[in-house]
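Trainee: Give me coordinates for this.
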Amino acid sequence: MIGVYLRLYWEFFKTGLFAVGGGMATLPFLQNIGETTGWYTYGDLMNMLAVSESTPGPIGINMATYVGFTVGGVPGAIIATLGEVTPSIVVILIVAAILRSFRDNVYVDWAFYGLRPASTGLIGAACASVVLEVLTSVEKVSQGTGIWNRFILEGDDLFRWHGLLLAALLLALTNWVKPTKKLHPIVFIALSAVVGVVFGFAGA
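Mentor: Presented below is the predicted three-dimensional model:
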């Protein structure tokens, strides 16, 4: 079990170190972790994302805690979370120690300028993965040792119409319907969960 804990720490340390751009940028890394370790499937990852988005706190931390708990219980959750936050703590301490040098350093400005497209690409890839998984019947096939993803169509219909209808309804309720657009987001999260349970049992 110690080997599992060390692997959890290392995998989430890498995720915290390189996932620049916020919680959604961690999704490609988490997908790779699932494929290489077998700890969870892509469907499991989407469920984790839904839970992490519905709970307080940064999504990256929530995902690390969720995966760690799934793999190694409470100790696994603690270790994975520590792995996720360690790079940020180290970087913050270093920057704080030499803040004046960093403040006007042209090379730091250039580095962050170069990181912007990488961050945008990671977030875009995460969004595309969520859309494909939730709103369509297109499934990504693990690329193995290659660099290109392969996709297959699961089922006869390209789109998951229930998901599309729910997304359109939520878009309308949160943007254009005056009585509902000021409601707290937790209301829509709860309603979406109810819809998921109802359709889940209906399809079971």
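Trainee: Only C-alpha atoms from now on, for both contacts and neighbour counts.
Mentor: Will do.
Trainee: And the helix or strand containing residue 114, what's buried?
Mentor: Per DSSP states H and E, residue 114 falls inside helix 106-135. Using 16 or more other C-alpha atoms under 10 Å as the test for burial, helix 106-135 gives 118-119, 122-123, 125-127, 129-130, 132-135.
Trainee: got CSV for those, with pLDDT and distance to residue 1 too?
Mentor: Formatted as CSV, the buried residues of helix 106-135 follow (pLDDT from 0 to 100; distance: C-alpha to C-alpha, whole Å):
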residue, pLDDT, distance to residue 1
118, 81, 35
119, 80, 34
122, 76, 32
123, 78, 33
125, 76, 33
126, 73, 31
127, 79, 34
129, 75, 31
130, 76, 32
132, 78, 35
133, 75, 32
134, 77, 34
135, 81, 38
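Trainee: nearest to residue 53, of those residues?
Mentor: Nearest to residue 53 out of the buried residues of helix 106-135 is residue 130 (C-alpha to C-alpha; 12.7 Å).
Trainee: my read: that closest one touches residue 46, true?
Mentor: Yes. Counting by C-alpha atoms under 8 Å, residue 130 does reach residue 46; the two are 7.2 Å apart.
Trainee: Can you name the residues that contact the most centrally placed residue in the chain?
Mentor: In the chain, the residue lying closest to the centroid (C-alpha atoms, centre = their mean) is residue 27, at 3.8 Å. Listed by C-alpha atoms under 8 Å, 6 or more residues apart in numbering, the contact partners of residue 27 are 122, 126.
Trainee: That one belongs to a strand, doesn't it?
Mentor: No. Counting by DSSP: H, G, I helix; E, B strand; the rest coil, residue 27 is not part of a strand but helix.
Trainee: For it, give its distance to residue 59.
Mentor: Shown here: residue 27 relative to residue 59, a distance of 10 Å by C-alpha to C-alpha, to the nearest Å.
Trainee: ok, how many other residues are close to residue 68?
Mentor: The local packing of residue 68 (other C-alpha atoms under 10 Å) involves 25 other residues.
Trainee: Hmm, it is touching residue 82, no?
Mentor: No. Using C-alpha under 8 Å, residue 68 makes no contact with residue 82, being 10.2 Å away.
Trainee: Give me the below-cutoff pLDDT ranges for the chain.
Mentor: 21-23, 99-103, 140-150, 200-204 (pLDDT under 70).
Trainee: domain ranges for it?
Mentor: Taking automatic domain parsing as the reference, the chain has its domains at 2-153, 161-203.
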